[in-house]
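Q: Give me a model of this one.
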Amino acid sequence: MTEASDREVIWAHSGDSHFLEPKDLWRQILPPSQADRMPRSERVGDDEIIQVDGQSFRRRMPKIFTKKGADGLTISELSFRPPGSRDAKARLGDLDQEGVWGEVVYASLGLWSSMIKDPELVREASRAENEWIASEIQGADPNRLVPAAQLSLLSVEDAVTELEHARAVGLHAANLPTGVPAGVDDYHRDTWDPLWSAAEETGMVLCFHIGTDGNDQASLYSGPGGAVMNYVETTFSGQRVALKLVTSGALDRHPRLKVLISEGGASWVPFLGDRMNEGYRQHGMFVRPKLSRSPKEILYDQIYTSFQHDASAIGAMTSEGYQNLMWGSDYPHLEGTFGHTQETLHELFDPVDEATRYRITQGAFLDLFPHVGPVPASVS
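A: Numbering: from 1, shown residues only. I've put the predicted structure just below:
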């Protein structure tokens, strides 16, 4: 393990991680005329330039910090990536080293595909990428890696077709951005009911990763406090998704539909539930639609969340009764736990009872992805 310690290894499933696509992925799986329009990244000085179908986005590259004994934090190479960030087979070695067994895996550049405005391009790219994901990512170990499929969201019909295709090639989850593409009805509209029905019928978990609402939260604020404000701002998009799906009745109409909001923490769930209940109760004369359960009950039952470092998240379960939260490593990102996963897990879970630890490190994950199974006794 990365932490030299005689403490037990706390093995966990992770509700959030990412893979870095091969730089030539689109040319591997699409005709050149389409591949050249897909998201790609290039380094320019200390910045990263993202090109997406004629659109350009520039953002500052993060500096990676690592611990170095008593000297505290020191800057390492900007180009640092864990060995398995691009190689699914090597990734399993990284997970073993960190004490992570199963994990939900999101794309990286693929998350920018929602910026594309051409329905045919998104449709063809989603289909090709999902077949590649099923083969190359999930195929590395289908009992541990749970990659999230990409969907074409410029039409609900395309989204339904691709979700069903993704399930047919063996995938168990589908990624949706927290913000819909421009010109498309928002998630609280009944327009999306065919997709919610398809996910419910196929058992596909709908996964929303925070910070994917199409806005550039990385540069929303500048000046004093800007870096922290921008980082915190990304978390709110997941809360808005939960708000829309609960209050619109989407989840109430589809009670077997399960939703995962990754990397946004969990301590907000009880507050949001209370606030929705208050609005539903105190402003009931204005409320449409009427729900068969309270908003908080729906939220607690069908929305799952992941966090990586937040000690407050555990209180959402132990003090507020919210059971559907899980830990996530956010491998291989800067804000993740790679290199100090065991230190983080011990800090979070040494103070809690065994049942709480199991629920957050394995149980909630297995509600969504039972095919992964508990961490094998041979390694735990």
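Q: And stretch 305-317, what's buried?
A: Neighbour counts over stretch 305-317 (16 or more other CB atoms under 10 Å) mark Thr305, Ser306, Phe307, Gln308, His309, Asp310, Ala313, Ile314, Ala316, Met317 as buried. Glycine gets a C-beta too; all of them are placed from N, C-alpha and C.
Q: Next one: Ile133, what pLDDT does it get?
A: The model reports Ile133 with a pLDDT of 96.
Q: got the contact list for it?
A: Ala107, Pro147, Ala149, Gln150, Leu171 (CB atoms under 8 Å, 6 or more residues apart in numbering).
Q: before we move on, what about Leu345?
A: Ile10, Ala12, Gly99, Trp327, Thr361 are the contacts of Leu345 under CB under 8 Å, 6+ apart.
Q: Need the nearest residue in space to the second one, chain neighbours excluded.
A: When the adjacent residues along the chain are set aside, Ala12 lies closest to Thr361, with 3.8 Å between them (CB to CB, 6 or more residues apart in numbering).
Q: my guess is that neighbour meets Ser14, correct?
A: No. In terms of CB atoms under 8 Å, Thr361 does not count as a neighbour of Ser14; the distance is 9.1 Å.
Q: can you list the weak-confidence ranges in the stretch 51-200 of the chain?
A: Flagging of the stretch 51-200 of the chain using pLDDT under 70 yields the residue ranges 59-80.
Q: now the strands for it?
A: 55-60, 65-67, 73-75, 100-105, 145-150, 173-177 (DSSP state E, counting those that start in this stretch).
Q: want to throw these into CSV with mean neighbour count?
A: Compiled in CSV, these are given as follows (neighbours: other CB atoms under 10 Å):
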stretch, mean neighbour count
strand 55-60, 12
strand 65-67, 12
strand 73-75, 9
strand 100-105, 26
strand 145-150, 27
strand 173-177, 24
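Q: Redo these as a markdown table? Include distance to Arg91.
A: Below are the strands of the stretch 51-200 of the chain laid out as a markdown table (distance: least, CB to CB, whole Å):
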| stretch | distance to Arg91 |
| --- | --- |
| strand 55-60 | 25 |
| strand 65-67 | 19 |
| strand 73-75 | 25 |
| strand 100-105 | 9 |
| strand 145-150 | 8 |
| strand 173-177 | 17 |
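Q: out of those, which comes closest to Trp132?
A: The closest of the strands of the stretch 51-200 of the chain to Trp132 is strand 145-150. By CB to CB, the value is 9.8 Å.
Q: what residues does that closest one touch?
A: For strand 145-150, the external contacting residues (CB under 8 Å, 6+ apart) are 19, 88, 91, 102-107, 110, 113, 125-126, 129-130, 133-134, 137-138, 162-163, 166, 171-175, 204, 207, 369, 372.
Q: Next, the angle from that strand to strand 173-177.
A: Calculated by axes from the mean of the first three to the mean of the last three CA atoms, to 10 degrees, strand 145-150 forms an angle of 50 degrees with strand 173-177.
Q: what angle separates strand 145-150 from strand 100-105?
A: 0 degrees.
Q: Strand 145-150 pairs with which strands, parallel or anti?
A: Applying DSSP bridges, strand 145-150 is found paired with strand 100-105 (parallel), strand 173-177 (parallel).
Q: Quick check: which of those is nearest to Thr356?
A: Using CB to CB, the nearest of the strands paired with strand 145-150 to Thr356 is strand 100-105, at 18.5 Å.
Q: Please give the centre-to-centre distance between the closest one and its chain.
A: 12 Å (CA atoms, centre = their mean, to the nearest Å).
Q: Could you tell me what pLDDT the model assigned to Asp16?
A: On the pLDDT scale, Asp16 gets 98.
Q: Quick one: residues contacting Asp274.
A: Here Asp274 is in contact with Lys296 (criterion: CB under 8 Å, 6+ apart).
Q: Tell me the spacing between it and Tyr231.
A: Distance from Asp274 to Tyr231, counting by CB to CB, to the nearest Å: 25 Å.
Q: cool, and Asn143?
A: 34 Å.
Q: repeat for Thr344
A: Distance, Thr344 to Tyr231, by CB to CB: 18 Å.
Q: Neighbour count for those two, which is higher?
A: Thr344 (20 against 14; other CB atoms under 10 Å).
Q: Please point out which parts of stretch 366-380 sit buried.
A: In stretch 366-380, counting by 16+ other CB under 10 Å, buried: Leu366, Leu368, Phe369, Val372, Pro374, Val375.
Q: Please apply the same query to stretch 190-202.
A: Within stretch 190-202, the residues scored as buried using 16+ other CB under 10 Å are Trp192, Leu195, Trp196, Ala198, Ala199, Glu200, Thr202.
Q: can you list residues touching both of Thr361 and Ser14?
A: Joint contacts of Thr361 and Ser14 (CB under 8 Å, 6+ apart) are Met326, Trp327.
Q: Neighbour count: these two, which is higher?
A: Using other CB under 10 Å, the more surrounded residue of Thr361 and Ser14 is Ser14, with 28 against 23.
Q: Which ones among the buried residues of stretch 305-317 lie within strands?
A: Thr305, Ser306, Phe307 (DSSP state E).
Q: In space, what's closest to the second one - neighbours in sequence excluded?
A: For Ser306, ignoring the flanking residues on the chain, the nearest one in space by CB to CB, 6+ apart is Gly15 at 3.2 Å.
Q: What is the burial count for that neighbour?
A: Neighbourhood size, Gly15 [other CB under 10 Å]: 30.
Q: Tell me if I'm right that it and Tyr304 touch.
A: Yes. At 7.3 Å, Gly15 counts as touching Tyr304 under the criterion of CB under 8 Å.
Q: How far off centre is stretch 82-102?
A: 17 Å.
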